[in-house]
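> With the sequence up front, the predicted model follows.
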Amino acid sequence: MREFDGIILGSGPNGLTVAAYLAKAGLKVLLLERRYETGGGLATEQVTSPGYLHDTHAIYHMMVDYAPIFKDLDLEKKYNLEWIYPDLQVVMPFTDGTHLALYKDIEKSYESIKKISAEDADAFKDFAHWSQEATDLFLAPASYVNPMAPLEQVALLQANSITRRADEMTGLTPRQIVDDVFKNERVRALFLYLACMWGLDYDLEGVGYLVPLFINRGYHFRLCRGGSHRLVHVLAKNILENGGRILTGQIISKIIVENGEAKGVELDDGTVIKANKFVASSLNPHQTFSELVGPEHLDHYLIQRIKNWKYTDWSFFSVHMALKERPRLKIASSNPELDDALVYVVGYEDEEALVNHFEDIKQGKLTGGGFKCGFPSTHDPSRCLAGGAVGYISQEAPYHLADGGALRWYDVRREHAERCKSVLSRYVDNINDQNIVWDYISSPLDIENKLPDMKQGCFKQGAYLPLQMGYYRPNEVLSEHSTPIKKLFVCGASTHSGGMITFGPGYNAVQKIAEDLAIDKWWGEPESVARAREAGLF
């Protein structure tokens, strides 16, 4: 029987984080992965033609400047990990030749918005400066601290003038927040899209405190040079250098529990691997508890709470394109700089068009609505080894289609891909069969089939709902990443602080594992967390 100090289930960003920190702490750890490739959503693949590298899931990274893992593991200096951080972040073009542009420089964004609405430009500048303060002080560092009970946290937030404003947004919907700040319909469309693109329902109350964070991060995206999977390469190398092991192609049949304690895992071929100190699962709650642990080891309350766990009813429909040459934004003929944006949001001429698209998604309808898109090879030519360009379309779309359910995607995916290309061609030149060498289509159903922990294509392992966030993610029993089963921990995106490749869930799980097992921490507290603690927010 093979034995390790700890076994981690799932090699996505959070499983890799747990393995990396604890391997460096001197533990003998084993990372098990069902697929034959590590990384989960950190996937860079040749899915079209040879030489074209596509990020088929996570493309842009929003928390690089806050995530402790990069500094703690010295990933940039030690492994030559590079980030591309263009000044021009987001462009929303309109068919009348106008546009909105967001830069990482607030003043440049102000000038762009001013051309559409001077009033909204002023409002943006105020909101941008405040949201940056709130992000630095609390919203970002909160991703890397295990959550406290809601009433305790609210009391601390209300005592600070900066965070009070964010807390008071909690009961508002994203649309109410955006409409209160901005007046112009096109400006509202851009900021409502940024607020909702990573999983918030536009009319949902109870999670409004996330809106300033999502909008702020919406013009602070980074691109990983060489593809998102480059992150996996360097993390895996770090784990192996510190004595950890990674096994792919491993199907786990159960987590072994004896006398209320996790003892290891059993594989589908009957192989038993013993864990002397801990087992950590980065899978979703149903996989971890209903399938691998089994209800016989759980009390009725936890079983019910896990049954009530909800996934989003929408995900992303994507078209990845290998191109002979880089398409050009039509309005860039008079302003070439616009061709260098990291992200384009197209197909929405006003806020109503965006809201109509969101409503169609809820009804399971496919429309010619808008989406975000981009051409990563503009900033990273290494993604096209033989020249040309890579492009993508990523549209929010329903998992269950009204005219046939999820399986209907097999029939309509090509038709919808062509519909999306047609929308893109209104704003961009050279989207045609002559320029597109090959394309690769991924529907919400395809995401679930490829990455089963993302049930219904839910890239966050669970919807962002008021009772599924913070202290309640995935529930109050599991909120600190420990479980009622001794030596069993949870560390996936279904735990605090959620999805979007922030490394927060894995980092927070490491804190709890180290505390429970009395492991000497070789790492220190992140500077942003220390500042928030000094400000009395934790």
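The structure has been received and is ready for your questions.

> When you work out contacts or count neighbours from here on, use the C-alpha atoms and nothing else.
Fine.

> mind saving the C-alpha coords of stretch 89-97 as CSV?
Once non-C-alpha atoms are left out, stretch 89-97 reads as follows in CSV (Å, rounded to 0.1, in the frame of the first residue of the first chain):
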residue,chain,number,x,y,z
GLN,A,89,-7.9,46.9,-21.4
VAL,A,90,-11.4,46.9,-22.8
VAL,A,91,-13.1,48.4,-25.8
MET,A,92,-16.8,48.4,-26.5
PRO,A,93,-17.4,49.5,-30.2
PHE,A,94,-20.7,50.6,-31.5
THR,A,95,-22.1,50.4,-35.1
ASP,A,96,-22.3,54.2,-35.5
GLY,A,97,-18.5,54.4,-35.2
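
> Let me see the mean pLDDT of that stretch.
For stretch 89-97, the mean pLDDT works out to 97.

> Residues contacting that stretch, please?
99-104, 190, 218-221, 331, 338, 341-349, 426-427 (CA atoms under 8 Å, 6 or more residues apart in numbering).

> Please spell out which residues along it are buried.
Buried residues in stretch 89-97, counted by 16 or more other CA atoms under 10 Å: 89-94.

> cool, stretch 437-454 as well?
437, 439-448, 451-454.

> State the pLDDT value of residue 45.
97.

> gap between it and residue 289?
Distance from residue 45 to residue 289, counting by CA to CA, to the nearest Å: 31 Å.

> And residue 78, by the same measure?
38 Å.

> Compare these two and say which one has the larger neighbour count.
residue 289 (20 against 10; other CA atoms under 10 Å).

> check contacts around that one.
Residue 289 touches 295, 306, counting by CA under 8 Å, 6+ apart.

> Might one say that residue 12 is in contact with residue 42?
Yes - assessed by CA atoms under 8 Å, residue 12 is found in contact with residue 42 at 7.1 Å.

> between the two, which one's more packed in?
Regarding residue 12 and residue 42, a neighbour count based on other CA under 10 Å identifies residue 12 as having more, with 25 against 22.

> So which residues of the stretch 351-500 of the chain form strands?
371-374, 389-398, 436-442, 488-490 (DSSP state E, counting those that start in this stretch).

> Direction included, what does the second one pair up with?
The one in question is strand 389-398. Sheet neighbours of strand 389-398, with direction, are listed as strand 314-323 (antiparallel), strand 371-374 (antiparallel) (DSSP bridges).

> What lies in contact with stretch 404-422?
By CA under 8 Å, 6+ apart, stretch 404-422 touches 318-319, 366, 368, 370, 393, 399-401, 431, 441, 443, 445.

> related to what we said a few turns ago, cross the contacts of stretch 89-97 against helices and list the overlap.
residue 190 (DSSP state H).

> Just the ones of the contacts of stretch 89-97 in strands?
Among the contacts of stretch 89-97, DSSP state E puts 99-103, 343-346 in strands.

> with those residues in mind, which one is nearest to residue 311?
Nearest to residue 311 among these is residue 345, at 25.2 Å by CA to CA.

> The closest one: what's it in contact with?
90-93, 190, 370-373.

> ok, the residue nearest to it when sequence neighbours are not counted to residue 199 distance?
Spatially, and ignoring its direct neighbours in sequence, residue 345 is nearest to residue 372 (4.3 Å; CA to CA, 6 or more residues apart in numbering). Remark: distance between residue 372 and residue 199 (CA to CA) = 14 Å.

> cool, and residue 83?
For residue 83, the distance to residue 199 - CA to CA - is 24 Å.

> Neighbour count for those two, which is higher?
Each of residue 83 and residue 199 has its neighbours counted (other CA under 10 Å); residue 199 has more, 21 against 16.

> what's the closest non-adjacent residue to the more buried one?
residue 464 (6.6 Å).

> tell me the phi and psi of that neighbour?
The phi and psi torsions at residue 464 (degrees, to the nearest 10) take the values phi -90, psi 90.

> Now for it: which residues touch it?
With CA under 8 Å, 6+ apart, residue 464 has these contacts: 199-200, 207.

> Among the residues you listed, which one sits closest to residue 268?
residue 199 (34.2 Å).

> Could you say which helix or strand holds the nearest residue to residue 342 once chain neighbours are set aside?
Nearest non-adjacent residue to residue 342, counting by CA to CA, 6+ apart: residue 89, 5.0 Å away. Here residue 89, judged by DSSP states H and E, is contained in strand 88-93.

> can you map out the strands along the stretch 101-250 of the chain?
Counting by DSSP E, counting those that start in this stretch, the strands of the stretch 101-250 of the chain are 222-224, 245-247.

> So which of these is nearest residue 387?
Of the strands of the stretch 101-250 of the chain, nearest to residue 387 by CA to CA is strand 222-224, at 18.9 Å.

> Can you tell me the strand partners of the closest one and which way each runs?
strand 60-61 (antiparallel), strand 83-84 (antiparallel).

> Out of those strands, indicate the one that is most buried.
By mean neighbour count, with neighbours taken as mean count of other CA atoms under 10 Å, strand 60-61 ranks first of these at a mean of 21.

> Run the chain-centre distance for it.
Chain-centre distance of strand 60-61: 8 Å, with CA atoms, centre = their mean, to the nearest Å.

> For that strand, report the contacting residues that lie outside it.
Residues from elsewhere that reach strand 60-61 (CA under 8 Å, 6+ apart): 221-224, 500-502.

> Any chance of the residues you listed in TSV with pLDDT and distance to residue 460 as columns?
TSV is the format used below for the contacts of strand 60-61 (pLDDT from 0 to 100; distance: CA to CA, whole Å):
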residue	pLDDT	distance to residue 460
221	98	18
222	98	19
223	98	20
224	98	20
500	93	7
501	96	9
502	97	11
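
> Now those residues in a markdown table, please, with extra columns for distance to residue 4 and neighbour count.
Listed next are these as a markdown table, based on distance: CA to CA, whole Å; neighbours: other CA atoms under 10 Å:
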| residue | distance to residue 4 | neighbour count |
| --- | --- | --- |
| 221 | 38 | 24 |
| 222 | 36 | 21 |
| 223 | 36 | 22 |
| 224 | 33 | 21 |
| 500 | 30 | 19 |
| 501 | 27 | 23 |
| 502 | 27 | 24 |
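
> and which of those residues is nearest to residue 309?
The closest of the contacts of strand 60-61 to residue 309 turns out to be residue 500 (CA to CA; 18.8 Å).

> got the contact list for residue 317?
For residue 317, the contacting residues are 393-397, 441-444, by CA under 8 Å, 6+ apart.

> One more pass at 7 Å, please.
Residue 317 sits next to 394-397, 442-444 when contact means CA atoms under 7 Å, 6 or more residues apart in numbering.

> I'd like to know which of the strands paired with strand 222-224 is closest to residue 323.
It's strand 60-61; of these, that one is closest to residue 323 (CA to CA) at 20.1 Å.

> Skip ahead from that closest one and say which helix or strand is next.
Trace forward from strand 60-61 with DSSP H and E and the next one is helix 68-72.

> Same question for that following helix: list its buried residues.
In helix 68-72, counting by 16+ other CA under 10 Å, buried: 68-70.

> Take those and write them to JSON lines, including distance to residue 21 and pLDDT.
Formatted as JSON lines, the buried residues of helix 68-72 follow (distance: CA to CA, whole Å; pLDDT from 0 to 100):
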{"residue": "68", "distance to residue 21": "11", "pLDDT": "98"}
{"residue": "69", "distance to residue 21": "9", "pLDDT": "98"}
{"residue": "70", "distance to residue 21": "11", "pLDDT": "98"}
